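Chemist: next come a sequence and a model predicted from it.
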Amino acid sequence: MAGIGFELRKLLQKQSYFGLLQAYAYAGIISSGPWVLSIIGIIFVGFLSLGVVFPHTLIVQFQVSVTYLIVSSLILTGFIQLGFTRFIADGLFKKLDERVMPNYNGMLLIVTGISGMCGLLAMFLFFSGMSVAYRLLMLSGFVTLCAIWVTTIFLSGMKQYKAIVFLFAIGYAVTVLGALLLRPLGMEGLLLGFVIGHFVLLTGMVVLILRTFPSGAAIAFDFLRPGAMFSSLIWAGFLYNLGVWVDKLMFWFYPDTSQSIIGPLRASLIYDLPIFLAYLAIIPGMAVFLVRIETDFVEYYQKFYDAVREGGSLEHIENMRDNMLFTISQGLFEIVKIQAIAVLAVFVLGDTLLGWLGISRLYLPLLYVDVVAAGLQVVLLGILNIFFYLDKRRIVVFLCLLFVSANIGFTSLSLHLGAAYYGYGFAISLLITVLAGMHLLSRKLDLLEYETFMLQ
């Protein structure tokens, strides 16, 4: 996201509070992306549908259906997101801009085909008793979301942050308004509004990409050539998304903590509401992540490696290295600081927030744990991002595998110990992964010059 980051930095150079507010507002919206905004949207639609959609269980069915669409599409496209991102980034670095659109078209064709086949298989195997309208909406929503996750790759590299924010605003305005206008049709109406809104969002993304990148051939599959994409990035993307959701899946399918909602879909009302609310608290941290890590760090990162490639003096290389290390420590510290403030705000206002939303205050202890875990997840993103820039892909795979394994292990333990320990599995797994990541990052930064010069 460095392209957007450098553009946002121009707002910070205005030396005004309004410019500062603008930069962080744009950064928060862009870095949160469709994932967090979708969560906000489905909660908002559900809240406004109370008293209109009857019975109220239909609203829960809509929210759970959309949640499964998000989870399954993220995990499926996790196999391709990072590998394809690196492939496109390498192509742009080599000035092969004309190969971007053809390969995007090829990737979109493959993702659409695979997600469509997986969706059809799921519809016939697991949703055979549901209405045709529901099955078609679920299928179209799944394919659309898979295409959105792949297309978002390109938005992160563009400098048109205002157009991107406007695009998100239009897409989610259509999502919410469409769902509200169609809510007399019941759960299918809410789901249709969601699908229409995200299709509008996807269409806008594609138009923006077409305007930004030159068109070469109509379609290409260069990314499928042996060695074109790193297998380590393919597994890292899958494992990270699995690690984020595996604890939720365990709560959804553990009999004591879940209930059947619609067809084969289950949910854990005791676990889902606090974690979704906690994810709203990561928006400030994500904004800091984009502004600091993707601008200050990337600036000195580029200067350091430019000096290495172009034969800069040893003194200049060391200065750029020192500045890069300083921006890393400052960036991670600011993420921790802003997330700590968000955590404290939830601790102070959590009781009032739950009361305003009409949610039982019994959820409060779990909300506290989850908001800490969500903050740790932002810190982990910052650490992983630095490793990606340093091209330490194996370390990223290790950390993601550690995250998945620890989350499964500690969540299983929390389920066994009882309700008082719910949420601690997710939080402890993130804490362990963050500490391991910081230790490995410190070691790699100490060896940065040696590895840069001696291991190439």
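Modeler: In hand now; what should we look at? Numbering: from 1, shown residues only.
Chemist: give me the below-cutoff pLDDT ranges for the stretch 51-200 of the chain.
Modeler: Low-confidence segments of the stretch 51-200 of the chain (pLDDT under 70): 51-55, 156-162.
Chemist: now do the helices in it.
Modeler: All helices of the stretch 51-200 of the chain, identified by DSSP state H, counting those that start in this stretch, fall at 57-93, 100-126, 132-155, 161-181, 187-212.
Chemist: Leu376 is nearest to which of these?
Modeler: Nearest to Leu376, of all the helices of the stretch 51-200 of the chain, is helix 57-93, at 19.0 Å by CB to CB. From N, CA and C alone the C-beta is placed, and that goes for glycine too.
Chemist: what angle do the closest one and helix 187-212 make?
Modeler: Put simply, helix 57-93 runs at 10 degrees to helix 187-212, going by axes from the mean of the first three to the mean of the last three CA atoms, to 10 degrees.
Chemist: ok, back up a step: mean neighbour count for the helices of the stretch 51-200 of the chain - can I get that in a markdown table?
Modeler: Shown next, in a markdown table, are those (neighbours: other CB atoms under 10 Å):
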| stretch | mean neighbour count |
| --- | --- |
| helix 57-93 | 21 |
| helix 100-126 | 17 |
| helix 132-155 | 21 |
| helix 161-181 | 18 |
| helix 187-212 | 20 |
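Chemist: show me what the top helix by length along the chain is packed against.
Modeler: Assignment by DSSP state H gives helix 314-357 as the longest helix of the chain. With contacts taken as 3 or more CB pairs under 8 Å, 6 or more residues apart in numbering; DSSP states H and E, helix 314-357 sits against helix 269-279, helix 283-288, helix 298-309, helix 364-389, helix 424-446, helix 448-454.
Chemist: next one: it to chain centre, how far?
Modeler: Mean-position distance between helix 314-357 and its chain equals 18 Å (CA atoms, centre = their mean, to the nearest Å).
Chemist: before we move on, the earlier item: quick one: closest of the helices of the stretch 51-200 of the chain to Pro365.
Modeler: Nearest to Pro365, of the helices of the stretch 51-200 of the chain and by CB to CB, is helix 57-93 at 22.5 Å.
Chemist: which residue of this protein lies farthest from its centroid?
Modeler: Most distant from the centre of the chain: Ser313, at 39.7 Å, with distances by CA atoms, centre = their mean.
Chemist: what's near enough to touch that residue?
Modeler: Neighbour list for Ser313: Ala307 [criterion: CB atoms under 8 Å, 6 or more residues apart in numbering].
Chemist: can you check Leu431 too?
Modeler: Contacts for Leu431 (CB under 8 Å, 6+ apart) come out as Leu376.
Chemist: what sits up against the helix or strand where Ser405 lies?
Modeler: Per DSSP states H and E, Ser405 falls inside helix 393-417. Helix 393-417 is contacted from outside by 230, 232-233, 235-236, 239-240, 242-243, 246-247, 250-251, 254, 256-257, 380, 383-384, 387-388, 421-426, 428-430, 432-433, 436-437, 440, 444, using CB under 8 Å, 6+ apart.
Chemist: now swap in stretch 234-254 and tell me
Modeler: Identification of contacts with stretch 234-254 by CB under 8 Å, 6+ apart yields 71, 74-75, 78-83, 257-258, 266-268, 270-272, 275, 377, 384, 393, 396-397, 400-401, 403-404, 407-408, 411-412, 415, 422, 425-426, 429.
Chemist: go again using 6 Å as the cut-off
Modeler: Stretch 234-254 is contacted from outside by 71, 74-75, 78-79, 81-83, 257-258, 266-268, 271, 396-397, 400-401, 403-404, 407-408, 411, 415, 425-426, using CB atoms under 6 Å, 6 or more residues apart in numbering.
Chemist: list the buried residues of it.
Modeler: 234-252 (16 or more other CB atoms under 10 Å).
Chemist: do stretch 394-404 as well
Modeler: 395-404.
Chemist: can I get those residues in CSV with distance to Ala281 and pLDDT?
Modeler: Listed next are the buried residues of stretch 394-404 as CSV, based on distance: CB to CB, whole Å; pLDDT from 0 to 100:
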residue, distance to Ala281, pLDDT
Ile395, 28, 96
Val396, 25, 96
Val397, 28, 97
Phe398, 28, 97
Leu399, 23, 97
Cys400, 23, 97
Leu401, 27, 97
Leu402, 24, 98
Phe403, 20, 97
Val404, 23, 97
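Chemist: got a list of what the closest residue to Val174 other than its chain neighbours touches?
Modeler: Residue nearest to Val174 in three dimensions, not counting chain neighbours: Gly197, with 4.1 Å by CB to CB, 6 or more residues apart in numbering. The neighbours of Gly197, taking CB under 6 Å, 6+ apart as the test, are 171, 174-175, 178.
Chemist: ok, now with 7 Å
Modeler: Taking CB atoms under 7 Å, 6 or more residues apart in numbering, we find Gly197 in contact with 171-172, 174-175, 178.
Chemist: out of those, who's nearest Leu344?
Modeler: Taking CB to CB as the measure, Leu344 sits nearest to Tyr172 out of these, at 28.6 Å.
Chemist: on that earlier part again, in TSV: the contacts of Gly197, plus distance to Ser115.
Modeler: As requested, the contacts of Gly197 are exported to TSV (distance: CB to CB, whole Å):
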residue	distance to Ser115
Gly171	19
Tyr172	21
Val174	22
Thr175	19
Gly178	22
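Chemist: relative to Leu137, how far out is Phe199?
Modeler: Distance, Phe199 to Leu137, using CB to CB, to the nearest Å: 11 Å.
Chemist: so Ile261 sits in a strand?
Modeler: Yes: counting by DSSP: H, G, I helix; E, B strand; the rest coil, Ile261 falls inside a strand.
Chemist: how much space between it and Ile59?
Modeler: Taken as CB to CB, the span from Ile261 to Ile59 is 11 Å.
Chemist: and what of Gln302?
Modeler: Separation of Gln302 from Ile59 (CB to CB) stands at 49 Å.
Chemist: before we move on, the earlier item: now the longest helix of the chain against helix 424-446, angle please.
Modeler: Relative orientation of helix 314-357 versus helix 424-446 (the same axes, to 10 degrees): 170 degrees.
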